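# Build the 3D model from these lines:
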Amino acid sequence: MQRLEGSSPQLFVFDRPAKRPLKIYASDPMAGRTVGNRARVEVDNEPLRPGPQGRRIEVIDYDGAARRFYPPVDLDDPNVLMQGGLDPTESDPRFHQQMVYAVAMRTLENFDRALGRTLYVGQKDSKRLRLFPHAFYGANAYYDRKLNGILFGYFRADETDPGPNLPGQTVFTCLSHDIIAHEMTHAIVDRLRRFFMEPTNVDVFAFHEGFADIVALFQHFSFPDVVRDQIQKTRTDIRDKSALVDLARQFGYATGSGSALRSALDKPERKLYETVVEPHARGSILVAAVFDAFHSVYQRRIRDLIRIATGGSGQLPKGDLHPDLVNRVATEASRAAQGLLSMSIRAFDYLPPVDITFGDFVRALVTADLELSPEDEYGQRAAMIEAFRLRNIFPDGVGSLAEESLVWDSAPRGLPKLNMETQDMLQELFVGAATFSFEDVPFENAEEAQDRFQQHFTGRPNNELPSDDATGEVDAQMATALGAWADSNRAALRLQPGIPIQTRGFHTAFRVAPNGKLLIELVAQFVQTDRSRKEDLGGLPVRGGTTIVASADGRIRYVIAKPLPAPGAKPDQEPRLARQLAYVDLADSLDARTNYYGAEDFKNRMNLRMRFGKLHQGAAR
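Okay, here's the model as predicted:
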């Protein structure tokens with residue numbers, strides 16, 4: 001607040017509030033007016049155009065089935081501001097627009113907080129990600145890279161088995177918190193690691209799906225009324241028939257499955273990781289492992305509260321729990337969830353740029369958390385390691401499951417610091433805290449609606465959209481300087497000689513540890529590509545790459561590499577190449593379309609399998 005001086009009475013100019021309150025469904029409309037389902041979230045209070053359209057998110061409400069635009073909501077309208085946003089309702093498209101914007105921004109801000117920078121999710125032509133609340137008629141929602149947007153469908157609930165829904169009612173995927181957060185995470189992951197969309201092994205799509213569910217799941221714990229209600233109902237055992245562990249309940253019931261779409265619970269079985277292939281089912285193993293770790297941390301955090309409340313017996317009395325106990329336990333549950341969510345997101349800065357596996361994620365989790373919180377007060381790292389061990393998920397190339405063995409190796413001795421030119425630009429990045437990185441008229445066929453929708457906004461059918469296979473370098477001095485430094489240190493960075501190096505992304509990160517320590521780093525990704533084997537690999541190239549993590553003085557701390565197989569090497573000499581070839585064979589055997597591809601499509605079949613719309617349609621059925 002500022003005071004304006006003058007002879008008249010003092011005038012005050014109030015600063016714009018930092019946060020904007022908006023109302024949402026904490027779960028989805030099926031939960032109705034149950035405790036906490038009509039929630040209020042606070043997002044960054046940026047100036048908004050009708051849509052809403054802000055700096056990073058743009059909502060475009062075009063109905064691809066009805067072929068019409070709905071009037072955009074103006075969240076800066078004083079009448080809307082006075083009530084903290086529109087009230088939740090299924091009948092007003094303007095609330096649908098508000099809902100997708102609010103949850104998308106909430107998700108994006110969770111990544112900002114954990115990664116220590118402001119993240120833009122758009123592509124080269126626009127920093128804004130597009131959200132289409134009523135994109136098409138169909139039981140689906142998905143992120144589309146080529147459209148630079150997230151498309152939400154709507155559909156009729158099952159007439160014979162709709163669960164708590166009204167038979168035949170219209171179900172909007174854009175009114176599900178979990179679906180919005182899930183799809184938003186797909187877009188963010190694609191921005192952070194572009195090549196995690198290339199299915200080079202059985203874990204790649206599963207990681208995308210599992211990680212998106214992890215984000216949606218842990219955001220449940222940011223709604224205090226919901227958490228308190230579930231703590232009371234389950235008597236602190238949140239795994240016992242708790243709404244907190246279910247994902248996309250309305251969607252799951254509306255499609256006739258008789259349950260939520262997915263759950264965070266499982267019974268750890270070592271054989272599942274070795275036998276389950278379908279991406280959503282395999283991703284559920286990842287979700288269950290991370291949730292197990294969270295539950296261990298949660299129990300550790302409330303152990304003293306339970307001892308005090310029970311006089312040391314650990315047995316809670318019959319009847320309702322004391323409200324003060326419920327409040328304190330709910331607070332600890334929310335803190336534990338936020339801690340595990342931030343830990344999972346921070347791991348991205350410690351992942352290789354290509355060919356992700358669950359084992360890589362384990363190592364990145366441990367390294368990222370050790371860097372920021374070496375004391376590990378609540379045993380987060382130990383809980384994570386044990387949860388993955390119970391499911392037979394082990395990283396490659398480690399001698400044991402001890403923390404010191406799982407942490408990525410330090411940079412090789414003798415690897416020079418970033419050169420002076422790069423260091424000068426690095427200091428400018430740190431000072432400016434800048435960010436640099438890449439990149440009701442239903443159709444008989446839902447896929448036809450989706451294709452018409454894309455044609456409306458691109459001018460061309462989906463199958464004529466330009467390929468994203470090009471791999472140009474960022475046109476920036478820093479990228480050039482980093483590339484030159486990497487070229488002169490190929491051996492130490494485990495990059496192949498004679499093959500071009502592409503600087504695929506770089507950014508600064510500013511993070512504050514629980515003990516107040518400020519951690520400042522530069523993270524850069526280098527990628528090499530071999531296209532000579534594309535015909536054998538269904539149209540995908542072979543890629544290798546390295547992520548470096550440098551301190552503010554230019555000293556390299558970690559080199560996290562997935563080396564490119566040597567040109568001409570045989571599969572029995574290169575495990576990664578053998579694994580990619582084996583996955584192509586597996587994908588062919590599981591794809592009912594394999595024998596019906598034309599000659600050109602067959603050569604490019606692995607690229608055709610990269611569409612999230614296709615992947616999610618299979619899951620919805």
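
# so which strand or helix has Leu540?
In the assignment (DSSP states H and E), Leu540 maps to no helix and no strand.

# contacting residues around it?
Taking CB atoms under 8 Å, 6 or more residues apart in numbering as the criterion, Leu540 is in contact with Glu198, Pro199, Thr200, Lys534, Gln580, Val584, Met606, Asn607. Any C-beta I mention is one placed from the backbone N, CA and C, and that applies to glycine too.

# State the helix or strand in which the closest residue to Asp292 other than its chain neighbours lies.
Closest residue to Asp292 apart from its sequence neighbours, by CB to CB, 6 or more residues apart in numbering: Ala387 at 4.0 Å. Per DSSP H and E, Ala387 falls inside helix 380-389.

# circling back to that earlier point, can you give me the neighbour number for the residue nearest to Asp292?
Applying other CB atoms under 10 Å, we find 21 residues neighbouring Ala387.

# And for the one 4 residues further on?
Applying other CB under 10 Å, we find 21 residues neighbouring Arg391.

# Quick check: it touching Phe291?
No: the criterion here is CB atoms under 8 Å, and Arg391 misses it with Phe291 at 11.7 Å.

# what about stretch 599-611, average pLDDT?
The predicted model gives stretch 599-611 an average pLDDT of 87.

# go on, stretch 325-342?
Averaged over stretch 325-342, pLDDT sits at 95.

# now stretch 493-505
Computed over stretch 493-505, the average pLDDT equals 92.

# distance between the ends of that stretch?
Using CA to CA, to the nearest Å, one end of stretch 493-505 lies 16 Å from the other.

# what's the distance between that stretch and the middle of its chain?
27 Å (CA atoms, centre = their mean, to the nearest Å).

# For Ile179, give me its contacts.
Ala141, Phe152, Thr173, Ala216, Ala248, Phe251.

# ok, the fourth one touching Leu247?
Yes: applying CB under 8 Å as the test, Ala216 and Leu247 come out as touching, 5.9 Å apart.

# between those two, what contacts are shared?
With contacts taken as CB under 8 Å, 6+ apart, the residues that reach both Ala216 and Leu247 are Asp178, His182.

# What's the separation between the spatially most central residue of the chain and Ile179?
When CA atoms, centre = their mean is applied to the chain, the residue found nearest the centroid is Thr185 (2.8 Å). According to CB to CB, to the nearest Å, Thr185 and Ile179 sit 11 Å apart.

# Straight-line length of stretch 83-103, end to end?
Taking CA to CA, the first and last residues of stretch 83-103 lie 18 Å apart.

# which residues are in contact with both of Thr185 and Ile179?
Listed as contacting both Thr185 and Ile179 by CB under 8 Å, 6+ apart are Ala216.

# circling back: looking at the contacts of Ile179, which is nearest Arg593?
Ala141 (22.3 Å; CB to CB).

# who's in contact with that closest one?
Applying CB under 8 Å, 6+ apart, we find Ala141 in contact with Ile150, Leu151, Phe152, Gly153, Thr173, Cys174, Ile179, Glu183, His616.

# Just the buried residues of the residues you listed.
Ile150, Leu151, Phe152, Gly153, Thr173, Cys174, Ile179, Glu183, His616 (16 or more other CB atoms under 10 Å).

# hang on, the third one in a strand?
By that I understand Phe152. Yes: under DSSP: H, G, I helix; E, B strand; the rest coil, Phe152 falls within a strand.

# That one: what's it in contact with?
Contacts of Phe152 by CB under 8 Å, 6+ apart are 100, 131-135, 141, 172-174, 179-180, 183.

# What of the fourth one?
If you count contacts by CB under 8 Å, 6+ apart, Gly153 has them with Ala135, Phe136, Tyr137, Gly138, Ala139, Asn140, Ala141, Thr173, Ala446.

# and it, bridged to which residues?
Phe136 (DSSP bridges).

# Any buried residues in stretch 404-422, and which?
So for stretch 404-422, counting by 16+ other CB under 10 Å, buried means Leu406, Val407, Trp408, Ala411, Leu418, Thr422.

# just to revisit the earlier point, mind checking which of the contacts of Ile179 land in helices?
Secondary structure assignment by DSSP state H places Ala216, Phe251 of these in helices.

# So of the contacts of Ile179, which two are at opposite extremes in space?
Phe152 and Ala216 (14.4 Å).

# about what we covered before: now the two most distant members of the buried ones among the contacts of Ala141.
Farthest pair in those (CB to CB) is Cys174 and His616. Separation: 14.3 Å.

# how about the helices in the stretch 501-621 of the chain?
Applying DSSP state H, counting those that start in this stretch to the stretch 501-621 of the chain gives helices spanning 575-590, 599-603, 605-608, 612-620.

# nearest to Thr546, of these?
Comparing the helices of the stretch 501-621 of the chain by CB to CB, helix 575-590 comes nearest, at 13.8 Å.

# how would you label Pro21: helix, strand or coil?
Judged by three-state DSSP, the three-state class of Pro21 is strand.

# Quick check: it touching Asn45?
No: the pair Pro21 / Asn45 is not scored as a contact, 9.1 Å apart, by CB under 8 Å.

# I'd guessed Phe95 sits against Asp87; true?
Yes: using CB under 8 Å, Phe95 makes contact with Asp87 at a distance of 7.2 Å.

# more neighbours, those two?
Using other CB under 10 Å as the criterion, Phe95 and Asp87 rank with Phe95 on top: 22 against 11.

# Next one: that one from Glu371, what distance?
For Phe95 relative to Glu371 (CB to CB), the value is 42 Å.

# ok, now Ile499?
Going from Ile499 to Glu371 by CB to CB gives 31 Å.

# When those two are compared, which one has more neighbours?
In this view Ile499 and Glu371 are compared by other CB under 10 Å, and Glu371 has more residues nearby, 20 against 14.

# Let me see the contact set for the closest residue to the more buried one other than its chain neighbours.
The shortest distance from Glu371 to any non-neighbouring residue, by CB to CB, 6+ apart, is to Leu519 (6.5 Å). Shown in contact with Leu519 (CB under 8 Å, 6+ apart): Gly116, Glu371, Leu372, Ala509, Phe510, Arg511, Val512, Ala513.

# Which among those count as buried?
Among the contacts of Leu519, those buried by neighbour count (16+ other CB under 10 Å) are Gly116, Glu371, Leu372, Ala509, Arg511.

# Contact partners for the fourth one?
Which is Ala509. Leu115, Gly116, Arg117, Asp349, Leu519, Ile520, Glu521, Leu522, Val523.

# beta partners of it?
Here Ala509 shows beta-bridge partners Glu521, assigned using DSSP bridges.

# that older thread, distance of the residue nearest to Glu371 from Pro317?
Distance of Leu519 to Pro317, computed by CB to CB: 45 Å.

# One more: Gly54?
As judged by CB to CB, Gly54 and Pro317 stand 50 Å apart.
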